[in-house]
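Student: Okay, sequence plus prediction incoming.
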Amino acid sequence: MWWEGVDATRFAAEIIDHAGEGIVVYDRELRYLLWNHFMEELTGLAAPRVLGRPASEVFPQLLDQGVGALLQRAMDGETVAAPDLHYNLPGGRRRGWVSAVYRPHYDEKGQVSGVIGLMRDVTERKNAEQQIEYQAYHDALTGLANRRLFQEHLGLALALATRRHGTVAVLFLDLDQFKVINDTLGHTIGDALLRLIGRRLKSCVREGDTVARVGGDEFTIVLQDLANKEDAALVARKVLQCVAEPVALNGHRLYVTTSIGITFYPDDGEDAEALLRNADNAVYVAKAEGRNTYQMSTAEMTRAMQERLVLENGLRQALERNEFVLHYQPQIDIRTMQIVGMEALLRWNHPARGILLPEHFIRMAEERGYIVSIGEWVLREACAQAARFCARFPDFRVAVNLSARQLRDHSLVDSVAAALRVSGLAPRCLELEITESVAIENVELTLSVLAELRKTGVRIAIDDFGTGHSSLGYLKRFPIDTLKIDKHFVEDLPDGFEDAAIVQAVVQLARGLDLRVIAEGVETQQQLDFLQSHQCPEVQGYHFSYPVPAREFERLLTGAVAGRA
């Protein structure tokens, strides 16, 4: 046989020494009797430095972690396993994880004479597991806690606060205008900015507080053990100041602000979902108040946001359910007192709340992107109604308001052309109104879109003229037909000296530029008399009629002379 003549003891020693796992033998006093090459490589400790020395002297920290108890159980005759033992050798850089099995070693008399330990290096597996776990609980971009870890930490904080009758604050942060930076300078700079903001937020809180990134430009902070609500406000003010510090990235100097919503446990909610939802609502209010501020949640705010949510859900389906209607307000030729046109005004016939004016839902429609579809419906409906009136009154016209979102929409010109084609309305009978502030928001875009609209033959009006910050030079550049004097300049006529001067100036300016001019908001005979005396050609307002449904407007129109409200 091949093993004849082989020194069995020496052969066994070589097998043990070159084994692919660590082999350790202890005597009854837990001194090392055997330490193979694998263990030398694993720990960096050569066998002569270990053999004969007790385990408590070589690895005291491991014994503190419970290994001593495992060895003692093996000495008592039990085979025990320790699947994950972390080792960190003092005075060196050797650290990692091993999986160990300890079993008793018996002598010829069947008595336990020591312990045999078998070790496997599981460092790579443990590192991989820890990396996976880290990725599952942390944001890959900023290294902050992610939404999952935030919710776990918040849950633990709430449980602790419940036992201690304490207070927990949740701060929800949304960076202001971050999308503009991302779209303008690119995602590389946007990502670098988010990482920097994350570091700044960490510097604003205590070690035990949680900072998380829960969305694209959304962050949350959990504050525990608060003495009072003012402590959270102090942190919020510190965060606002910290975030607002200028940022230098890739040659760009950026100024970023954030809006913060704050909720408190137990006042604003008893679970993580309620607290986060109410904090998000408070952020919405903070942004509405001008951004770069914080807002604490209140019961009234929560009710208002719940009502808003219900309204928003209804708005999403209002078009499908045919709940929108148009009311029309007459426009009057001031010389003949004849109705020469009408402005189409949107109303929502809400199934529970009745007729809602635009101020209750238009902003929401703009934010959620519904306004384009709603605007297309308004165009179709207004053109169809005006076509019926124009069949009897050839010079009649209808005015339809365009929102900023519609003006930016690439399909606007096609939508206008389609509404005219389907209704059969002559283009000259349709007047599209944009507010002065919308017109100057992006001058080049406005010029381009208005030029395309004029090619269809429709008329263009600037609404709320005088309330924005436009230069008179824009009037020369914009292809417009009509100026509408805002009602705020009309309401104090004739006694308001400054308003009177502005109205006279606008009328003269329009005449000089060969533009139509119409004054809105006429409610009294005194206002009408002033406008007549200063040759303002057209007016509209409650003095003649409130906005009314199509059938009632038709009765006004066939009355030959404009009626009074």
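Tutor: Looks like it came in fine.
Student: can we go C-alpha only for contacts and neighbour counts from here?
Tutor: Will do.
Student: Please report the distance of Leu420 from Ala404.
Tutor: 21 Å (CA to CA, to the nearest Å).
Student: meant to ask about Gly261, not that
Tutor: Taking CA to CA, one finds Gly261 at 28 Å from Ala404.
Student: repeat for Ala159
Tutor: 48 Å.
Student: So for the two, which residue has more residues nearby?
Tutor: Counted by other CA atoms under 10 Å, Ala159 and Ala404 do not tie: Ala404 has more neighbours, with 19 against 14.
Student: The strand or helix carrying Leu447: which residues count as buried?
Tutor: Following DSSP states H and E, one finds Leu447 within helix 443-455. Neighbour-count burial for helix 443-455, counted by 16 or more other CA atoms under 10 Å, picks out 446-447, 449-450, 453-454.
Student: burial measure for Gln148, as a count.
Tutor: Let me fix one detail, which is that residue 148 is Arg and not Gln. Counted with other CA under 10 Å, Arg148 comes out at 15.
Student: By mean pLDDT, flag the weakest helix or strand of the protein.
Tutor: helix 8-17 (a mean of 67; mean pLDDT, DSSP states H and E).
Student: Past that one, which element shows up next along the chain?
Tutor: strand 22-27.
Student: so what secondary structure elements neighbour that following strand?
Tutor: With contacts taken as 3 or more CA pairs under 8 Å, 6 or more residues apart in numbering; DSSP states H and E, strand 22-27 sits against strand 32-35, helix 37-43, strand 112-121.
Student: Name the strands paired with the last one and say parallel or antiparallel.
Tutor: If I follow you right, that is strand 112-121. Take DSSP bridges as the rule and strand 112-121 pairs in its sheet with strand 22-27 (antiparallel), strand 95-106 (antiparallel).
Student: roughly how far apart are Asn228 and Val503?
Tutor: In terms of CA to CA, Asn228 sits 54 Å off from Val503.
Student: before we move on, what about Ser448?
Tutor: 29 Å.
Student: Likewise for Lys476?
Tutor: Counting by CA to CA - Lys476 and Val503 are separated by 19 Å.
Student: Comparing Asn228 and Val503, which shows the higher neighbour count?
Tutor: Val503 (22 against 12).
Student: Would you confirm that that one contacts Phe489?
Tutor: Yes. With contact defined as CA atoms under 8 Å, Val503 and Phe489 form a contacting pair (6.8 Å).
Student: who wins for proximity to Ile462 among the helices and strands packed on strand 22-27?
Tutor: For Ile462, the closest of the helices and strands packed on strand 22-27 is strand 112-121, at 77.1 Å, according to CA to CA.
Student: contacting residues around Gly261?
Tutor: Contacts here follow CA atoms under 8 Å, 6 or more residues apart in numbering; on that basis Gly261 touches 171-173, 279-284, 286, 294-297.
Student: For it, identify the helix or strand it belongs to.
Tutor: Per DSSP H and E: strand 258-265 holds Gly261.
Student: What values do phi and psi take at Thr411?
Tutor: To be clear, residue 411 is Ser; Thr isn't right here. phi -90, psi 0 (degrees, to the nearest 10).
Student: ranges for the strands of the stretch 451-565 of the chain?
Tutor: 459-465, 482-485, 516-519, 538-539 (DSSP state E, counting those that start in this stretch).
Student: Including mean neighbour count and mean pLDDT, could those go into TSV?
Tutor: Formatted as TSV, those follow (neighbours: other CA atoms under 10 Å; pLDDT from 0 to 100):
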stretch	mean neighbour count	mean pLDDT
strand 459-465	23	86
strand 482-485	24	90
strand 516-519	23	92
strand 538-539	24	94
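Student: For the ones you listed, give me TSV that also has distance to Pro83.
Tutor: Putting those into TSV (distance: least, CA to CA, whole Å) gives the following:
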stretch	distance to Pro83
strand 459-465	76
strand 482-485	81
strand 516-519	85
strand 538-539	87
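Student: Trp35 is nearest to which of those?
Tutor: Of all the strands of the stretch 451-565 of the chain, strand 459-465 comes closest under CA to CA, at 90.2 Å.
Student: what angle do that closest one and helix 443-455 make?
Tutor: 140 degrees (axes from the mean of the first three to the mean of the last three CA atoms, to 10 degrees).
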